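[1] here is the input, now give the coordinates:
(one chain, ligands or ions: 1)
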Amino acid sequence: MTSPVDTIDGTSIIDELREIVGEASASSAKHVRYAYSYDMSFVLPKLPDFVVMPTTVEQIQAIMRLANREKIPVVPYTAGTNIGGLCIPERGGILMDLKRMNRIIEIDDEAHYAVIEPGVTHAMLAEALQVFDLRFGWPVGPPSASVASCAISHGIGGLNARYGLNSQEITSMEVVLPTGELVRVGSCAINGEAWHSLLPLPQLDGLFKGWLGSSGVITKLGIGVHPTPPLLKVFTVSCADVHDMYSYMLNLSKYEICDDLTAVSWWLSQVPIPSPYRPKPDGAPEFFSFANTTSWTEKEREAKEEIWQMVVDEEQAKGTSLKVTEYPEEALRARTELPSQIVGSTKNYCKEGGAGISWPGTFTPAKKWAPVYTDWKRILIDHNLSPAVRMSMYRGVHYGMLRAMIPFSKETPEAIENARHAIVECLKVDLEHGGIPYKPPVDFAIEINKRVHPGYLDLLKRVKHLLDPNDIMNPGKLGI
Ligand SMILES: Cc1cc2nc3c(=O)[nH]c(=O)nc-3n(C[C@H](O)[C@H](O)[C@H](O)COP(=O)(O)OP(=O)(O)OC[C@H]3O[C@@H](n4cnc5c(N)ncnc54)[C@H](O)[C@@H]3O)c2cc1C
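    Here you go, the predicted structure:
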C-alpha cells in the first residue's frame, strides 16, 4: 500500500498536483491544511493531506484522474460555511478549494437564467443581477459563500415560498465525475449554448444534488433568476404560542402571496442569539413572523394586504394570541435585505456563543412543527442552549424548513459534545415526526440510515459505486 504522500510510480503527490495547478496553487504545508481542517460545527477537525485550488475544468479532471489512480479522497470546497462539517475531510486526502473558479459566464436577462462557476458567491451574483433588476433566493447566510454549493445542497433562500428550494432553480449542470470524465445534464447536454432547462430530459441532475460533494465536482451551473418587483411589503406578527403561529402560517400560505413566509422563535429574533441559553423576558412573544411580499403595482400590493388582513382577522376570531407587531428592526433588515451582512456575517449567531454554530436543519411537515418545536425547546434548554428556531413554508405545500441555529462554545471538548448531543437528540425527534434533515452532518446521516428503507439504501450504495468505484469523493459523508 502506498502512503498518501507518494504515488505508485514513486513521484510525490504534491509534485503531481503542482504540475497540474501550478506551484502556488497546491500545498501540503500544515498551516494551510489546518485552515481547512475545521468549521463552525460540532464536527471534530480532521486535516487534509493536500490543498489545491484549480482554476480550470481540465485541472479538475486531471486531479480526479490522479486521485482515482492513487485512491486518494477528494473533498470539494467553496467557502466551508455549511455548518455541518461537510467539507471536513473524514479520511484526509485532497481538499479541492474551488473559490478561484468564480466567473459569471452568462446572465440571460431575457430567458431568465444565469450560468455560474462554483466559486461565484451570493454577493457577486447579487451585484451582477442587480444591473438587470433580477433576483435569486439568497440564503440568510454569509454573502461570501457559494451560490452553486447552496443550490446543489438543497439550500434555501429568501424566495422559497414562491419558487421552492434553490436546488429547484437549477436549470443545467456541468460536472466532472469522480473518475475524471466531463458530463453535462439538462439542455446544455444537447446544445452547449442552451442552459435554460433540466426538463424534459431524464433528471440526471439528481445524481449530483443532495450528495454532499460525494458524487462529482460541479464545474458550471445554470440557475433560474427572476425579475424584481419594485414594491416590497413585509407583514409582521407575533404569537405567544407556537400552535397559534402555525395556524396563521397555514392559513396565509394557502393564498400563495408571499416570497418568504417565515417565523422565528424569540431567541432567533435576537441579534445576537443569546448563548448560553437565557430565558426570554416576561411577556415577550414566543414567535415572530415576517411575510415578505413583492408587487408590481400599488393595486397588487393593496390586494395582498387585504388578503393578509383577512387572515389576521380570521385567526384573531379564533381567540388566538396572534398580534400585529413590529419585528425587531435589525433582525428584520437582516432577513429581508439579502444577501445580508448582518445575519450573514455570523454576528447574529456566534458573537456570544464562542465560535460554534450547528443545527438540526430539516424539511418537516408543517403540522409537526409545533410538537417538534416543543420537544426541541425542552432538549436545548436542558443543554443550556437557546431554542433559536425558524419555520418557513415552501412553495405551495404545507411542509417546510424547520431548523434551529444553535450557537455554542467551542472552548472545551465537553461544550462541543454537549452541543452535538443536544442537536442529534433534536434530529431524532424530527425523524420520528417524518422530518428529513438537509446538509446532514455524518451523525445525522447515520441516524437517517438506521431508519431508511433497505431498498433505498441499497440503491444509494449502487449509484455511489457506479459513479465513484474507488469511493474517493468526500468519503464517509453519506454514512454508508
Ligand atoms: C450564519 C449562517 C446562516 C446560514 N443560513 C443559510 C440559509 O438560510 N440557507 C441555506 O441554504 N444555507 C445557509 N447556511 C449554510 C451555508 O452558508 C450555505 O448553504 C452556503 O451557500 C454554502 O456555501 P459554501 O460555499 O460555504 O459551501 P461549502 O460549505 O464549501 O460546501 C457545501 C457542500 O457542497 C460541496 N461542494 C462544494 N462545491 C462543490 C462542487 N463544485 N461540486 C460538488 N460539491 C461541492 C461540499 O463538499 C459540501 O458538501 C448558513 C450558514 C451560516 C454560517
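[2] the closest residue to residue 441 other than its chain neighbours: neighbour count?
    Nearest in space to residue 441, with sequence neighbours left out and distances taken as Cβ to Cβ, 6 or more residues apart in numbering, is residue 84 at 4.1 Å. All C-beta atoms are positioned from the backbone trio N, CA, C, and that covers glycine. Neighbourhood size, residue 84 [other Cβ atoms under 10 Å]: 28.
[3] distance-wise, check residue 84 relative to residue 232.
    31 Å (Cβ to Cβ, to the nearest Å).
[4] residue contacts, the residue nearest to residue 441?
    41, 43, 358, 359, 361, 439, 440, 441, 444 (Cβ atoms under 8 Å, 6 or more residues apart in numbering).
[5] who's in contact with the fifth one?
    By that I understand residue 361. Applying Cβ under 8 Å, 6+ apart, the residues near residue 361 are 84, 401, 403, 437, 438, 439.
[6] next, it: phi, psi?
    Backbone torsions for residue 361, taken as degrees, to the nearest 10, come to phi -110, psi 120.
[7] on the strand side of things, show who it bridges to.
    Residue 361 has these beta-bridge partners by DSSP bridges: residue 403.
[8] report pLDDT for it.
    Looking at residue 361, its pLDDT reads 91.
[9] around the ligand, which positions in this structure sit nearby?
    For the chain, the contact set with the ligand under Cβ under 6 Å from any ligand atom comprises 75-83, 86-87, 98, 118, 139-142, 145-146, 148-150, 152-153, 155-156, 212-213, 217-218, 346, 349, 357, 474.
[10] now residue 77: phi and psi?
    Per-residue torsions, residue 77: phi -150, psi 140 (degrees, to the nearest 10).
[11] hang on, it packs against residue 96?
    Yes: the criterion here is Cβ atoms under 8 Å, and residue 77 meets it with residue 96 at 6.3 Å.
[12] wait, what's in contact with residue 224?
    112, 113, 163, 169, 170, 171.
[13] secondary structure element for residue 425?
    helix 413-432 (DSSP states H and E).
[14] what comes up buried for that helix?
    Using 16 or more other Cβ atoms under 10 Å as the test for burial, helix 413-432 gives 415-416, 418-420, 422-427, 429-431.
[15] how about stretch 77-94?
    Buried-residue list, stretch 77-94, by 16+ other Cβ under 10 Å: 77-89, 91-94.
[16] so what's the closest residue to residue 260 other than its chain neighbours scoring on pLDDT?
    For residue 260, ignoring the flanking residues on the chain, the nearest one in space by Cβ to Cβ, 6+ apart is residue 292 at 4.4 Å. On pLDDT, residue 292 comes in at 94.
[17] how many neighbours does residue 292 have?
    22.
[18] now do the contacts for it.
    Contacts of residue 292 by Cβ under 8 Å, 6+ apart are 158, 232, 233, 234, 258, 259, 260, 261, 336.
[19] out of those residues, name the ones that lie in strands.
    Taking DSSP state E as the definition of strands, those contribute 232, 233, 234, 260, 261.
[20] give me the pLDDT for the fourth one.
    Spelled out, it's residue 260. Note for residue 260: predicted pLDDT of 95.
[21] measure it to the ligand for me?
    Counting by Cβ to the nearest ligand atom, to the nearest Å, the gap from residue 260 to the ligand is 10 Å.
[22] residues contacting that residue?
    158, 159, 160, 161, 162, 290, 291, 292, 335, 336, 392.
[23] any idea how far it lies from residue 140?
    Taken as Cβ to Cβ, the span from residue 260 to residue 140 is 10 Å.
[24] cool, and residue 411?
    Taken as Cβ to Cβ, the span from residue 411 to residue 140 is 26 Å.
[25] over to residue 166?
    Separation of residue 166 from residue 140 (Cβ to Cβ) stands at 12 Å.
[26] ditto for residue 76
    For residue 76, the distance to residue 140 (Cβ to Cβ) stands at 23 Å.
[27] same question for residue 190.
    36 Å.
[28] higher neighbour count, the two?
    Neighbour totals were compared for residue 190 and residue 140, and residue 140 leads with 24 against 10 (other Cβ under 10 Å).
[29] for the more buried one, what are phi and psi?
    The phi/psi pair for residue 140 (degrees, to the nearest 10) is phi -90, psi 50.
[30] coming back round to it: please flag which of the contacts of residue 84 sit within helices.
    Members of these lying in helices (criterion: DSSP state H): residue 444.
[31] lowest-confidence entry in the contacts of residue 84?
    residue 359 (88).
[32] give me the number of residues near that residue?
    Around residue 359 there are 25 residues (other Cβ under 10 Å).
[33] residue ranges with poor pLDDT in the stretch 301-450 of the chain?
    Applying pLDDT under 70 to the stretch 301-450 of the chain picks out residues 341-351.
[34] where exactly do the helices run in this protein?
    Secondary structure of the chain (DSSP H): helices located at 13-21, 30-35, 57-70, 122-130, 147-152, 160-163, 242-253, 298-317, 329-336, 347-350, 369-382, 413-432, 442-451, 454-467.
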